[in-house]
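Student: fold the following and give me the result.
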Amino acid sequence: MRYILPILICLLTVSALGLTACAPVQPWERGNLAKPQMALDPYPLQSALRAHNYGSREAAAGGNAAQGGGCGCY
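Tutor: Below is the predicted model:
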């Protein structure tokens, strides 16, 4: 029972901080946010090729591909 108040205060603080981080984006600013540099992975094809290359050389399965035999095949 004595832990409810500190947990409630922490939750309220986190949600208040989270709400202050939200900002309205104007229509003319959306072009800046849509740039490739703003993406989580700005070069998805290059990342996929590197992951495939790494997986085929290591002959181990990662989280994104099947096992390889070292020759680059599946």
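Student: mind picking out the helix or strand in the protein with the poorest mean pLDDT?
Tutor: In the chain, no helix or strand scores lower on mean pLDDT, DSSP states H and E than helix 30-33, which sits at a mean of 81.
Student: quick check: next helix or strand after it?
Tutor: Remark: after helix 30-33, the chain's next helix or strand is helix 44-58, criterion DSSP states H and E.
Student: what about that next one, average pLDDT?
Tutor: Averaging pLDDT along helix 44-58 gives 84.
Student: buried sites along that helix?
Tutor: 52, 55-56 (16 or more other CB atoms under 10 Å). In this view, the C-beta of every residue, glycine as well, is placed from N, C-alpha and C.
Student: Throw those into JSON lines and include distance to residue 25, thanks.
Tutor: What follows is those, written out as JSON lines (distance: CB to CB, whole Å):
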{"residue": "52", "distance to residue 25": "36"}
{"residue": "55", "distance to residue 25": "38"}
{"residue": "56", "distance to residue 25": "42"}
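Student: show me the longest helix that occurs in this protein.
Tutor: Ranked by residue count and defined by DSSP state H, the top helix of the chain is helix 4-20.
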